[in-house]
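**Student:** I would like to see how this sequence folds:
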Amino acid sequence: MKRFVITAAAATLALGMTSVATANPQPDNHGKAVSEVAHSKSKVHKWSKGEKFSRAKAPNYSRVDYRRYRKLSAPPRGYVWVRSGEDALLVRLSDNVIRSVVGSVF
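**Tutor:** Predicted coordinates for the structure are as follows:
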């Protein structure tokens, strides 16, 4: 009986390992996973001063604490730093107009 339990446990582990090995995504497009290639081809919006900011066009949008990054200064009253992709944008809260763009902060 003990031998049967050990054999059954070993078989279960062996089957589990083969399913884990086949669950990994197959690399495609020169060694990159398909999702990475699709992400790298997506267009990132280039922001400019005076443009109206929209969260819909901003990948990985978040508000930024300017004290954590040397390139960012304290925002004036009524403005906030936000993240869009790798850039930081100084946006006026009242109408979402961009006052400043700092590239490659993150």
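
**Student:** how does the protein divide into domains?
**Tutor:** Structural domains assigned to the chain are 1-42, 44-106, following automatic domain parsing.

**Student:** Just give me the lowest mean pLDDT stretch among those domains.
**Tutor:** Among those, domain 1-42 carries the lowest mean pLDDT, at a mean of 57.

**Student:** got the residue ranges for the strands in this structure?
**Tutor:** For the chain, the strands defined by DSSP state E cover 62-63, 79-84, 87-92, 98-102.

**Student:** Would you mind listing the buried residues in the second one?
**Tutor:** It refers to strand 79-84. 79, 81-84 (16 or more other C-beta atoms under 10 Å). The way it works is simple: take the backbone N, C-alpha and C, and place the C-beta from them, glycine included.

**Student:** now for that strand, which elements pack on it?
**Tutor:** strand 62-63, strand 87-92 (3 or more C-beta pairs under 8 Å, 6 or more residues apart in numbering; DSSP states H and E).

**Student:** and residue 69, which of the strands of the chain is closest to it?
**Tutor:** Evaluated over those, closeness to residue 69 peaks at strand 87-92, with 7.1 Å, by C-beta to C-beta.

**Student:** any chance of the strands of the chain in a markdown table, with distance to residue 3 too?
**Tutor:** Output for the strands of the chain, formatted as a markdown table (distance: least, C-beta to C-beta, whole Å):
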| stretch | distance to residue 3 |
| --- | --- |
| strand 62-63 | 58 |
| strand 79-84 | 60 |
| strand 87-92 | 64 |
| strand 98-102 | 68 |
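
**Student:** of all those, which lies closest to residue 45?
**Tutor:** Going by C-beta to C-beta, the one of those nearest residue 45 is strand 79-84, 7.2 Å.
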